[in-house]
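Chemist: no sequence on this one, just coordinates:
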């Protein structure tokens, strides 16, 4: 069984405006979160979508999803955790409780604020996670990456051809993810905020799936403008 | 929901852009899965249209031949996962006399209106035809082209007189092959003659009764080759083909013109008058032609196999670079169809 967890746990601390978490801001005619959820709902392989959201926003999330997708039974809204790992654990708990503990379930985890994810990216994630146990969606780095430990001087400049920028989804076979997350020691918990990193540190393979340049994360007001432009342009030009 | 469109912005340049599809209406949500490149698409891609036409029509998503997978159908007419063929002609109004593909108010995909190079698509259920059972999806991809030949034959049936014993097709390309194939299926008792310029291509028409090189055709006085004729040549070969047809067709024969020529064509109208010929143009197709084509393919499994021989390349498309690859490969083919297995 293939499931998607849409991580809407952020409270928008990086976004300047109004205190509204960014996944609820409008993009075109709908909230960003609705666009994101729709991409997973229409994929024939995805059987259920779990939206994880801060407790204060549970009812709001349910309301906007019910209004935009009336009668849709493949969505559940679940309270997220304090950290990304907590949120992921809650997703796993929900899946076990409602869909059983099959280790071969595939779970796609995706940022609520990446509404431009494509059908192909979702398909490739399902295939790679089922085959290799874990995968990460990436695009080749276009900027040179500079590493600095102190923020004042460069320590090293890695070769750009070996550098990729991480996007989402990140996808996993549920059994493996559960085992590895359970193995985290308290001191690792705060450092390992990326589920793929947990896999690599434990020596487990994580396959790369090609992302898309336009699979952007709407983090800053500038990103929302870019996203609106992407959609607006097409509307103007549609014949 | 958000859908990515892959538009041609200038010859040889494809750019992904996004648009919001209004999915809450009653239309069927589709995913284009198998696409086929038409010469018209290739002309846009290679910049062989006039600068004015390119300026007026681009940016635009190319491709109007497609088989698509149903994701959702609020009307219940199609089950999720079903393969359907959308009609690329979008009529804006009805008309009791003028067919939908000839109305000025109709829009046509990949000709001034976005084609099928899109992640998702919304179509009215009544503009979809179920893929014929037993026909491979690579063939369903170009069912539109088959329906264009079917449209010409349907028009022929309404225009031509009833003696249909000798039917001739000029043109050894894709459209000639398909038209001849459909005539073979619909008129099994008729003598089917195919005329072409390239012996190697003509040899593929093994189902025809006679295959003739256009240069080798010599008839005696008052001798005729066919009762009716179909021109599937187009381009620069259009003029000599049409004049040869006028010369060798029997009196009161019907001539179907299917090939596109960018330039005016000079015809020997004296013989058109003397013989009382009926020349008629035929372009594109409509819903009824798609339906008749699908029904014929389903009833004749051999037809699907013969059409499968046209599939020259199947290119899996997982990136914009793959779309370019498909168009480049297609440009090198003199015969056959380039199919995109669309995975984007």
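Modeler: On my side now, so go ahead. All figures in this text were calculated on a predicted structure; none of them were measured in a lab. Numbers count the residues shown, from 1 in each chain, chains lettered A, B, ... in the order given.
Chemist: When you work out contacts or count neighbours from here on, use the C-alpha atoms and nothing else.
Modeler: OK.
Chemist: what residues are up against the residue most central in space within chain A?
Modeler: With distances taken as Cα atoms, centre = their mean, residue A:110 lies nearest the centre of chain A, 1.9 Å away. Contacts of residue A:110 were listed using Cα atoms under 8 Å, 6 or more residues apart in numbering or on different chains, and they are A:4-7, A:168-170.
Chemist: so it sits in a helix?
Modeler: No: Residue A:110 is assigned strand when assessed by DSSP: H, G, I helix; E, B strand; the rest coil, not a helix.
Chemist: picking up where we left off before, a markdown table for the contacts of residue A:110, including secondary structure, distance to chain B and pLDDT?
Modeler: What follows is the contacts of residue A:110, written out as a markdown table (DSSP: H, G, I helix; E, B strand; the rest coil; distance: Cα to the nearest Cα, whole Å; pLDDT from 0 to 100):
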| residue | secondary structure | distance to chain B | pLDDT |
| --- | --- | --- | --- |
| A:4 | strand | 17 | 98 |
| A:5 | strand | 18 | 98 |
| A:6 | strand | 16 | 97 |
| A:7 | strand | 19 | 95 |
| A:168 | strand | 16 | 97 |
| A:169 | strand | 16 | 98 |
| A:170 | strand | 18 | 98 |
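Chemist: would JSON lines of those with neighbour count be doable?
Modeler: Below are the contacts of residue A:110 laid out as JSON lines (neighbours: other Cα atoms under 10 Å in any protein chain shown):
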{"residue": "A:4", "neighbour count": "26"}
{"residue": "A:5", "neighbour count": "29"}
{"residue": "A:6", "neighbour count": "26"}
{"residue": "A:7", "neighbour count": "23"}
{"residue": "A:168", "neighbour count": "24"}
{"residue": "A:169", "neighbour count": "26"}
{"residue": "A:170", "neighbour count": "27"}
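Chemist: interface residues of chain B facing chain A?
Modeler: With Cα under 8 Å from any Cα of the partner chain as the criterion, chain B comes near chain A at residues B:1-4, B:17-20, B:59-60, B:71-72, B:81, B:112-114, B:119, B:318, B:343-344.
Chemist: thinking again about what came up before, any idea how far residue A:209 is from the nearest residue to the residue nearest to the centre of chain A once chain neighbours are set aside?
Modeler: Nearest-residue entry for residue A:110: residue A:169, 4.4 Å, with adjacent residues in sequence omitted and distances by Cα to Cα, 6 or more residues apart in numbering or on different chains. Distance of residue A:169 to residue A:209, given as Cα to Cα, to the nearest Å: 9 Å.
Chemist: joint contacts of these two?
Modeler: A:121, A:125, A:136-137.
Chemist: hmm, which two among the residues you listed are most spread apart?
Modeler: A:121 and A:136 (10.4 Å; Cα to Cα).
Chemist: any shared contact partners between these two?
Modeler: Joint contacts of residue A:121 and residue A:136 (Cα under 8 Å, 6+ apart) are A:169, A:209.
Chemist: more neighbours, these two?
Modeler: For residue A:121 and residue A:136, the more surrounded residue by other Cα atoms under 10 Å in any protein chain shown is residue A:136, and the numbers stand at 25 against 21.
Chemist: My read is that that one contacts residue A:211, right?
Modeler: No: when contacts are counted by Cα atoms under 8 Å, residue A:136 is not listed as touching residue A:211 (9.0 Å).
Chemist: where do the contact lists of the two overlap?
Modeler: By Cα under 8 Å, 6+ apart, the residues touching both residue A:136 and residue A:211 are A:167-168.
Chemist: For the helix or strand hosting residue A:93, give me every contacting residue.
Modeler: Assigned by DSSP states H and E, residue A:93 falls within helix A:84-99. Here helix A:84-99 makes contact (Cα under 8 Å, 6+ apart) with A:5, A:7, A:9, A:50, A:52, A:78-81, A:101-102, A:174, A:178, A:181, A:189, A:193-195.
Chemist: Going by distance to residue B:67, which of the shared contacts of residue A:169 and residue A:209 wins?
Modeler: residue A:121 (21.1 Å).
Chemist: Low-confidence stretches in chain A?
Modeler: Residues of chain A that meet the criterion pLDDT under 70 lie in A:10-19, A:233-239.
Chemist: Report the buried residues of stretch A:129-145.
Modeler: For stretch A:129-145, a neighbour-count test (16 or more other Cα atoms under 10 Å in any protein chain shown) marks A:129-130, A:133-140 as buried.
Chemist: same deal with stretch B:41-52?
Modeler: B:41-42, B:44-45, B:49.
Chemist: Can you give me every residue that contacts residue 183?
Modeler: No chain in the question, so chain A it is. Going by Cα under 8 Å, 6+ apart, the list of residues near residue A:183 is empty.
Chemist: that answer is for a different chain, and I need it for chain B
Modeler: Counting by Cα under 8 Å, 6+ apart, residue B:183 touches B:153, B:192.
Chemist: where's it, which helix or strand?
Modeler: Going by DSSP H and E, residue B:183 is in helix B:174-186.
Chemist: gap between that helix and the chain center?
Modeler: 12 Å (Cα atoms, centre = their mean, to the nearest Å).
Chemist: Give me the mean pLDDT for that helix.
Modeler: Mean pLDDT, helix B:174-186: 97.
Chemist: Any buried residues in that helix, and which?
Modeler: For helix B:174-186, using 16+ other Cα under 10 Å, the buried residues are B:174-185.
Chemist: ok, now stretch A:73-87?
Modeler: A:75, A:77-81, A:84-85, A:87.
Chemist: Next: stretch A:88-101.
Modeler: Neighbour-count burial for stretch A:88-101 [16+ other Cα under 10 Å]: A:88-92, A:95.
Chemist: got it, and stretch A:155-172?
Modeler: In stretch A:155-172, counting by 16+ other Cα under 10 Å, buried: A:163-164, A:166-172.
Chemist: among those, which two are most distant?
Modeler: The distance between the two most remote of those (Cα to Cα) is 22.0 Å, for A:163 and A:172.
Chemist: quick revisit: which one of the buried residues of helix B:174-186 is nearest to chain A?
Modeler: The nearest member of these to chain A, counting by Cα to the nearest Cα, is residue B:175 at 28.4 Å.
Chemist: correct me, but residue A:120 touches residue B:317?
Modeler: No: Residue A:120 is beyond contact range of residue B:317, at 9.9 Å (criterion: Cα under 8 Å).
Chemist: For those two, list the residues in contact with both.
Modeler: B:343-344.
Chemist: re earlier: separate out the buried members of the residues of chain B next to chain A.
Modeler: If we count by 16+ other Cα under 10 Å, the residues of chain B next to chain A have these buried: B:1-4, B:17-20, B:59-60, B:71-72, B:112-114, B:119, B:318, B:343-344.
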